Structure formats: C-alpha cells, structure tokens
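>>> fold the stuff below for me.
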Amino acid sequence: MTQAGTSADHGDRTTLLCVPFAGAGPSFFHPWQALAADRWRVTSVELPGRERRILETPYRNVVEAAKGSVDDVVADIGEGNRCVLFGHSLGAVLAYELVHLLGTRGVHVDRLVVSGSPGPWTQRERRAAGLPDDEFLARVEEFAGFRHEALDHPEMRELILPVLQADCEMHESYLPSTDTPVSVPIRSLRGSSDGLVTADEARQWQAATTAEFSYTEFPGDHMYLVDSGPDVLDAIAAD
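Modelled structure (predicted):
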C-alpha cells in the first residue's frame, strides 16, 4: 500500500515517492506534503508490520519487499505518470530496487534520491541483526545516533522490535537483484557527521547509474533527515 490520494486525484503533478528507513512508516513523511507545497504530490511506500499494516508479517528481504510493493506503487502513481523516488538508509536500497521494477511498469522515474546509504553493492561491516534484544537495540541506537522514545514503553517495544529486527536483517543481508545500473539520475545525500556511512561510500552510488550523479551533504549525523526536511526537499527540487 501507499499513503496519500489515488492516482486519479493529482493531475499532472509529479509524485515524490518516499521509502521509509528501518522501523519507520509513512507518517514520518506526512509533514513533507506541506513542505513540498505545489512542487510534488508526496506519498510513501507502506510496508507490512507498521502503522495501518501493523498486524502483517514484515519482509526480511529487500528484493521481495520491492516486488511485493510495486503493484500498489503503480496503482497509486498511475501508469504513464512521473515520479521521483527518495529513500533513506534501508529506504535507499529499496527505492533502488523499485526503480528497476517501475521502468517496466509504465511509470516514468525522473530521478532517484538516496540518503544515508553506501552504494548498493557495499554491505555494512558491523551488524545488529541476530543480536539479543537489548544488544540489538543498543547497536541500532549507536548506528542511528538516537533512541526512539517508544522503545522505552514495554507495549510499544513489543510492537516495534520485531519490525525493526526484520528491517535490519533485510538491510544488512541486501544483495542487489541485478548488476545493471539504472538509467535515471541519482543524487546521494548524507549527514556530514554520519558515523555509519562515509562520504566515499555515499559517493559509490555514482556507479549505480548511467545518467548524471550528484552528491550533497547536510549538517548532522545518520538521522540528519529528522530535522532537515525542508533542506532535503529544496535539494531534490534543485534538480
């Protein structure tokens, strides 16, 4: 599922399709519609295991998640319409897989904007998947640079933890479905003090496209995105 209106209600506006990071859902991007003003219609991939799909089993494989989501994405954007894809961290590689799929489904992808992610062929050396719960959460907190306050409430932790574990597993075990680069321009974004992704790793995305590539840094760590929505949207609009 995707959130926002249907493909019939956005006229000729390009859709900005946002792909959530580990543990996140579409609501993270809801404020972006107001920030985007008339530039795009903002919508988001809605993965199982969170928000309206909280009772569904989350994916543990990025390629399967992309294949399982593409029908809803096409229905939401509409065949023949245009979109820009944005994904942060886990969302970056899921968005990359969706670009490969959407190209064969009649949706024109203008460009891919990836954030907080090394190139798709680089796997993280230090991992969280498979650790006992408390160690897992400590490692994720270390990676992200912040702790989600909901994890301090036992009932919320019970709901969130399995999804976060599944997301980390599918991110850390991700292997691209193809070695063929995409043919759409890629812009890679990164927090300047990101301790999880180096500048060189963020620039690896240049090898993932046969089109133009650009790179931008923002002040902040891996989760710079939380406070930088307007700046990120301005950077996307600059293309």
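>>> strands along this structure, start to end?
Here the chain has its strands, by DSSP state E, at 2-3, 15-19, 41-45, 82-88, 108-115, 186-191, 213-218.
>>> tell me where the model's unsure across this structure.
1-12, 125-126, 143-148, 150 (pLDDT under 70).
>>> ok, longest helix in it?
Across the chain, the helix with the greatest residue count (assigned by DSSP state H) is helix 154-172.
>>> nearest spatial neighbour of the spatially most central residue of the chain, chain-adjacent residues omitted?
Residue closest to the mean C-alpha point of the chain, counted by Cα atoms, centre = their mean, is G91 at 1.9 Å. Leaving aside its sequence neighbours, G91 sits nearest to V19 (Cβ to Cβ, 6 or more residues apart in numbering; 3.6 Å). In this view, the C-beta of every residue, glycine as well, is placed from N, C-alpha and C.
>>> buried residues, stretch 202-221. List them.
Within stretch 202-221, the residues that count as buried by 16 or more other Cβ atoms under 10 Å are 202-205, 208-209, 214, 216, 218, 220-221.
>>> could you do stretch 31-46 as well?
Buried residues in stretch 31-46 (16+ other Cβ under 10 Å): 32, 36, 40-46.
>>> cool, and stretch 76-91?
So stretch 76-91, judged by 16+ other Cβ under 10 Å, has buried residues 76-78, 81, 83-91.
>>> got those as a markdown table, with distance to S27 columns?
As requested, those are exported to a markdown table (distance: Cβ to Cβ, whole Å):
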| residue | distance to S27 |
| --- | --- |
| D76 | 16 |
| I77 | 20 |
| G78 | 23 |
| N81 | 24 |
| C83 | 20 |
| V84 | 20 |
| L85 | 19 |
| F86 | 16 |
| G87 | 16 |
| H88 | 15 |
| S89 | 17 |
| L90 | 16 |
| G91 | 14 |
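>>> for the residue nearest to H171 when sequence neighbours are not counted, give me its contacts.
Using Cβ to Cβ, 6+ apart and skipping residues adjacent in sequence, the residue nearest H171 is L90, 4.3 Å away. The contact partners of L90, by Cβ atoms under 8 Å, 6 or more residues apart in numbering, come to 20-22, 62, 167, 170-171.
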